[in-house]
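Chemist: with the input below, show me the fold.
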Amino acid sequence: MSPRAWSQRATVGMLRINLAIVGVTALFLSPAAISRADGVDRSSPPIADASAGGFTARRLPGLVPIDGREWISVRTIGPGEAAASRSGGYSVSLRQPTDEGDLERAHPLFERPGEPAVSLAPGVVAYAYVTVDGKWIFVEPLDVIDVSTWRRYSLSGRLGIEPYIAMRAISADGRRLIVSRRDCAFDCQTIQDEYYEIVIPESGE
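Modeler: Numbers count the residues shown, from 1 in each chain. The predicted structure is shown next:
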């Protein structure tokens with residue numbers, strides 16, 4: 001065998017060994033290591049961020065027409081329900097419901113295939129909403145988790161929209177969210193709702 005042929009065979013052999021090592025290592029990666037594949041650790045609850053995360057809001061004179069074209073009705077999940085992101089990368093569920101307090105609430109959990117469920121927020125919540133693009137997860141009262149940076153922003157206080165808050169509609173481009181606010185959870189038909197348009201920033205802004 002010529003020196004050149006021997007060198008090529010040796011190179012191929014080393015490449016096979018390296019690939020085998022990579023394959024074996026992957027088998028023993030922990031869920032936490034896998035969750036850090038994009039440099040973000042999602043094996044723990046999202047990092048609480050005191051800022052508004054680039055979100056802004058303005059009060060509206062009334063509810064916008066939810067026509068299914070420009071504005072699309074928001075479907076939230078409640079206690080005992082779950083929703084999967086359309087990308088298929090994760091799901092959100094509200095588990096272990098409790099009827100303590102004024103509304104039925106449950107623990108909001110984030111789960112990716114093959115990994116343990118992770119709490120999205122302290123305490124329990126009445127609803128959660130996953131945006132169509134999967135970049136944002138909203139939970140009661142008006143907290144939002146940026147899935148790409150794994151940070152949680154408490155918008156109700158920062159934007160001055162205090163409970164009780166309900167999700168109403170999302171714009172067709174996914175950049176504007178309509179919410180309503182009232183002073184009581186239910187049985188307050190004589191009190192008019194307040195409506196707000198929340199502008200959603202690009203993820204990671």
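
Chemist: where does the spatially most central residue of the chain land in three-state SS?
Modeler: Centroid-nearest residue in the chain, with C-alpha atoms, centre = their mean: Ile137, separated by 2.7 Å. Three-state assignment for Ile137 (DSSP: H, G, I helix; E, B strand; the rest coil): strand.

Chemist: which helix or strand contains the residue lying closest to it once chain neighbours are set aside?
Modeler: Leaving aside its sequence neighbours, Ile137 sits nearest to Ile145 (C-beta to C-beta, 6 or more residues apart in numbering; 4.4 Å). Just so you know, the C-beta spots here come from the backbone N, C-alpha and C atoms, and that holds for glycine as well. Using DSSP states H and E, Ile145 maps to strand 143-146.

Chemist: what's in contact with that strand?
Modeler: For strand 143-146, contacts defined as C-beta atoms under 8 Å, 6 or more residues apart in numbering pick out 46, 53, 55, 110, 120-121, 125, 135-139, 151-156, 203-204.

Chemist: buried subset of these as a ChimeraX selection?
Modeler: In ChimeraX, this line selects whichever of the contacts of strand 143-146 come out buried by 16 or more other C-beta atoms under 10 Å:
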select :46,53,55,110,120,121,125,135,136,137,138,139,151,152,153,154,155,156,203
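
Chemist: among the contacts of strand 143-146, which are in helices?
Modeler: 155-156 (DSSP state H).

Chemist: so where do the helices sit in the protein?
Modeler: Secondary structure of the chain (DSSP H): helices at 3-27, 31-35, 155-158.

Chemist: re earlier: for the residue nearest to the centre of the chain, which residues are in contact?
Modeler: By C-beta under 8 Å, 6+ apart, the neighbours of Ile137 are 92, 110, 120, 128-131, 144-145, 147.

Chemist: beta-bridge partners for it, please?
Modeler: Val130, Ile145 (DSSP bridges).

Chemist: can you check the pLDDT for it?
Modeler: Looking at Ile137, its pLDDT reads 97.

Chemist: swap in Leu27?
Modeler: Looking at Leu27, its pLDDT is 34.

Chemist: one more: Ala20?
Modeler: 42.

Chemist: check Asp38 too.
Modeler: pLDDT, Asp38: 74.

Chemist: over to the one 10 residues further on?
Modeler: Note for Ala48: predicted pLDDT of 97.

Chemist: cool, thanks, signing off.
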